[in-house]
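Trainee: no sequence on this one, just coordinates:
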């Protein structure tokens, strides 16, 4: 009698566990569908807002634009001053207003820079190529800027600011990295 009662209790627990699991799975699918619909709505809303604003996208003061973006992401007003621009690999070298920090803007991620360093194995290329991206030290502060933290028109204004400051045409970029040493 006790074994049959124990088997009934075990079967009941397994049955209710299966029912709860099925209910949870159904609820998870419903929540995922709701999340997906919310993301699609937000993306469409962003597209509509961007379309209106994209017609008027312009950068009157490129250096001020870079300073504003850097200040927004880093949290400090660096008051960057333009020093030099490199074409390959692309880099925009600036100095902070107080002269203490060197600020490098580049579309290349830290992983891409490390890969480039590995490909350049010759020690002589260190002295031939003065590009500061290839001489970045480990532990340098790195910040990534995209539409998420740089503003709704970041990817549209970046090519305008880059060309205004350096004269170089760049393709549409979605991300920019800031290296502060």
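Mentor: Yep, that arrived. On a predicted model such as this, the values are computed, not experimentally measured, just so you know.

Trainee: quick one: the one helix or strand residue 158 maps to to chain centroid distance?
Mentor: Here residue 158 sits within helix 154-166, counting by DSSP states H and E. Taking the mean of its C-alpha atoms, helix 154-166 sits 17 Å from the chain's own mean (Cα atoms, centre = their mean, to the nearest Å).

Trainee: what are the ranges of the helices in the chain?
Mentor: Using DSSP state H, the helices of the chain run over 2-54, 62-74, 110-119, 124-128, 147-150, 154-166.

Trainee: now do the buried residues in the fifth one.
Mentor: Which is helix 147-150. If you call a residue buried by 16 or more other Cβ atoms under 10 Å, then helix 147-150 has these buried ones: 147, 150. Glycine gets a C-beta too; all of them are placed from N, C-alpha and C.

Trainee: contacts for that helix, please.
Mentor: 69, 72, 73, 154, 155, 174, 176 (Cβ atoms under 8 Å, 6 or more residues apart in numbering).

Trainee: ok, of those residues, which come out buried?
Mentor: 69, 73, 154, 155, 176.

Trainee: run a quick neighbour tally on residue 45.
Mentor: 10 (other Cβ atoms under 10 Å).

Trainee: follow-up on the earlier one: report the two of the contacts of helix 147-150 separated the most.
Mentor: 72 and 174 (16.7 Å; Cβ to Cβ).

Trainee: give me the distance between the closest residue to residue 49 other than its chain neighbours and residue 44.
Mentor: Excluding the flanking residues, the one nearest residue 49 by Cβ to Cβ, 6 or more residues apart in numbering is residue 152, at 6.6 Å. Noted for residue 152: a distance of 14 Å to residue 44, by Cβ to Cβ, to the nearest Å.
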